[in-house]
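Participant: Pasted the sequence and its predicted model underneath.
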Amino acid sequence: MPKFSTTRYKDFTPKVAVAYDLFGDGRTALKGNVGKYVLGQALVVGGLASQPGYNVQLTSSRSWVDNDRDFVPDCDLTRNTAQGPTAAGIDNQVDTCGLAVGPNQNFYSNSLIPNLAVMDDARYGWGKRPYSWEYSVSAQHELTQGLSINGGVFWRRFGNFLVTDNTSATAADFGVYSVTPGLIPTAPASAGGESLPDNIYTQHFYNLNPGVAVNNLTGLSKTMFPDSNVYDKWFGYDIGLSARLPQGIIFQGGLSTGHQQTDFCDVQDPAKAGNNALVEMLGNPAAPASPSSLESCHMEQNWLPQVKFLGSYTIPKIDVQLGGSYQSIPGIEYSAVYAAPNSDVSRPVAQGGLGRLPSGGVITGTTAVNLVPPGTTYGARFNQIDLRLGKVVRFSNRKAVVSLDMFNILNDDTISGASATYATWLAPTSVVAPRLFKVSLTFDF
């Protein structure tokens, strides 16, 4: 008989799972799963759910000298004025308190500052939160007693994408530029010893024109750009083997792989979205001064296979345990942030430059750009073998196991972190843990 279950959680995330005994003999199972998962929204100050549509400064910092050393700021902190024992009038205070400057002075503003506005349809209503649908179909078959194979195919689709628009600018308010490939120097051997791939991005970088204000509005892509086909999807599959053989032999493992595809071109590319294209989204949120190329609006990730196996065996009569595992996983993803000379970036428009200096830049300075397409370039795979040797000791109806665990016995030194800055490109910042031995004692009572 088929087994069917359905669950609906309080946050309206339906999930359906089906299992079916194909031949009725309990040896072949077909399984299916469909589930929807939505982005959680915490009601915290600054969170999307609580964002009133404007940025409100809720904290502030200002200098303070505790003249009477009583650990109490003896100033009138409700006013943003310079106060102290030498000040006149109501600013004559026991302690010395300076003015709040820069962003801190916004704490004393009585008006809202519209630079982080969020559209209502990104905060309220049914079906507005970012979500993902997950689908899977899998099968498991028992070849013989204790030996089975399994495999599955998995899909994931994301939706309700949040995008950010600088409402004070259009695509026409950005200059387009490229960097000259011939001016990119060879990475020194001290950096990492590798050369850039052939498919680097050198064109279609954007820079906001000087004097244009920044007033960001966050909303759903399907609202800002009706009928746009923005997508983020993942596809992968697993193949595995599981064995429980005579004499206590256990062996299992398999292959898992998949890749991701994303496309935001319908909202970022002026050729598709017109003058309202959100080229500002090509800026790196973690480092806005190092933009990505427009060509990165479509990403095709490489397939990333993982291979893992493990096994164990207890030698009878002498009660010696043997165990081991092997894993081969993809290396780290490479990126390269190149400091392009402003003399190159600012060359005439007819030659592919901005025709001006980048906003806030100087002729002797540089502009950082991302060269390597995302999801395409990876480091060496990490291959690790771990072993365990244990001895079972029995006494007085009790049992203890003395074990020696050996991790990374080949002492693989694969890089687990590397510099993305081109001047030190791929210089290792971290490597996997070295060979490690651990002795342990387990006592059952």
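Facilitator: That came in fine, so what should we check first?
Participant: Strands of the stretch 101-250 of the chain, start to end?
Facilitator: For the stretch 101-250 of the chain, the strands defined by DSSP state E, counting those that start in this stretch cover 116-118, 131-144, 147-159, 162-166, 174-177, 205-208, 216-220, 231-245, 249-263.
Participant: which helices and strands does the following helix or strand past the last one pack with?
Facilitator: This means strand 249-263. Note on strand 249-263: by DSSP states H and E, the next helix or strand toward the C-terminus is helix 265-268. With contacts taken as 3 or more C-beta pairs under 8 Å, 6 or more residues apart in numbering; DSSP states H and E, helix 265-268 sits against helix 221-224, helix 270-273. In this view, the C-beta of every residue, glycine as well, is placed from N, C-alpha and C.
Participant: Recalculate using a threshold of 10 Å.
Facilitator: Counting contacts by 3 or more C-beta pairs under 10 Å, 6 or more residues apart in numbering; DSSP states H and E, helix 265-268 is packed against strand 162-166, helix 221-224, helix 270-273.
Participant: Go ahead and name everything in contact with it.
Facilitator: The set of residues external to helix 265-268 that reach it, using C-beta atoms under 10 Å, 6 or more residues apart in numbering, is 161, 163, 165, 171, 206, 221-222, 224-225, 227-231, 271-273, 276-282, 292, 294-298.
Participant: One more pass at 7 Å, please.
Facilitator: Residues outside helix 265-268 that contact it (C-beta atoms under 7 Å, 6 or more residues apart in numbering) are 163, 221, 225, 228-230, 272-273, 277-279, 281-282, 294, 297-298.
Participant: Is there a quick PyMOL command that grabs whichever of the residues you listed are buried?
Facilitator: Provided next is the PyMOL selection string for whichever of the contacts of helix 265-268 are buried by 16 or more other C-beta atoms under 10 Å:
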select buried, resi 163+221+225+228+230+273+277+278+279+281+282+294+297
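Participant: The helix or strand containing Gly390: how far from the chain's middle?
Facilitator: Using DSSP H and E, Gly390 sits in strand 382-395. Mean C-alpha position of strand 382-395 versus that of the full chain (C-alpha atoms, centre = their mean, to the nearest Å) differs by 35 Å.
Participant: Check which residues of it are buried.
Facilitator: Phe382, Gln384, Ile385, Asp386, Arg388, Gly390, Val392.
Participant: So what sits opposite the closest residue to the fifth one other than its chain neighbours in the bridge?
Facilitator: Nearest-residue entry for Arg388: Gly323, 3.9 Å, with adjacent residues in sequence omitted and distances by C-beta to C-beta, 6 or more residues apart in numbering. Note on Gly323: beta-bridge partners by DSSP bridges are Ser312, Arg388.
Participant: same thing with the one 10 residues further on?
Facilitator: Listed beta-bridge partners, Glu333: Tyr378 (assigned using DSSP bridges).
Participant: Surely it and Pro373 touch.
Facilitator: No. The criterion here is C-beta atoms under 7 Å, and Glu333 misses it with Pro373 at 10.6 Å.
Participant: So those two - more neighbours on which side?
Facilitator: For Glu333 versus Pro373, neighbours defined as other C-beta atoms under 10 Å are more numerous around Pro373 (20 against 17).
Participant: ok but the more buried one is inside a helix, no?
Facilitator: No. Going by DSSP: H, G, I helix; E, B strand; the rest coil, the assignment for Pro373 is coil, not a helix.
Participant: what sits against it?
Facilitator: Asn199, Tyr201, Ser296.
Participant: The same query, at a cut-off of 8 Å, please.
Facilitator: Pro373 makes contact with Asn199, Ile200, Tyr201, Glu295, Ser296, Met299, according to C-beta atoms under 8 Å, 6 or more residues apart in numbering.
Participant: what's near enough to touch the closest residue to the third one other than its chain neighbours?
Facilitator: It stands for Tyr201. Among residues not flanking Tyr201 along the chain, Ser293 sits closest, at 3.6 Å (C-beta to C-beta, 6+ apart). With contact taken as C-beta under 8 Å, 6+ apart, Ser293 is in contact with Tyr201, Thr202, Gln203, His204, Phe205, Leu282, Val369, Asn370.
Participant: I'd like the average pLDDT over stretch 362-369.
Facilitator: The average of the pLDDT scores along stretch 362-369 is 93.
Participant: what's the answer for stretch 300-315, then?
Facilitator: Rounded mean pLDDT across stretch 300-315 is 95.
Participant: Need the contact partners of that stretch.
Facilitator: Residues outside stretch 300-315 that contact it (C-beta under 8 Å, 6+ apart): 247-261, 320-330, 374-376, 378, 388, 392.
Participant: which parts of it are buried?
Facilitator: By 16+ other C-beta under 10 Å, the buried positions in stretch 300-315 come out as Gln301, Leu304, Gln306, Lys308, Phe309, Gly311, Ser312, Tyr313, Thr314.
Participant: Could you tell me how many residues sit around Thr442?
Facilitator: Using other C-beta under 10 Å, Thr442 has 11 neighbouring residues.
Participant: Does it touch Ala400 like I think?
Facilitator: Yes. Counting by C-beta atoms under 8 Å, Ala400 is a contact partner of Thr442 at 6.5 Å.
Participant: Now do the SS call for the nearest residue to Phe107 once chain neighbours are set aside.
Facilitator: Leaving aside its sequence neighbours, Phe107 sits nearest to Ser60 (C-beta to C-beta, 6+ apart; 3.4 Å). Under three-state DSSP, Ser60 falls in the coil class.
Participant: check contacts around Ser60.
Facilitator: Shown here is Ser60, whose contacts under the criterion C-beta under 8 Å, 6+ apart are Ala100, Asn104, Gln105, Asn106, Phe107, Tyr108.
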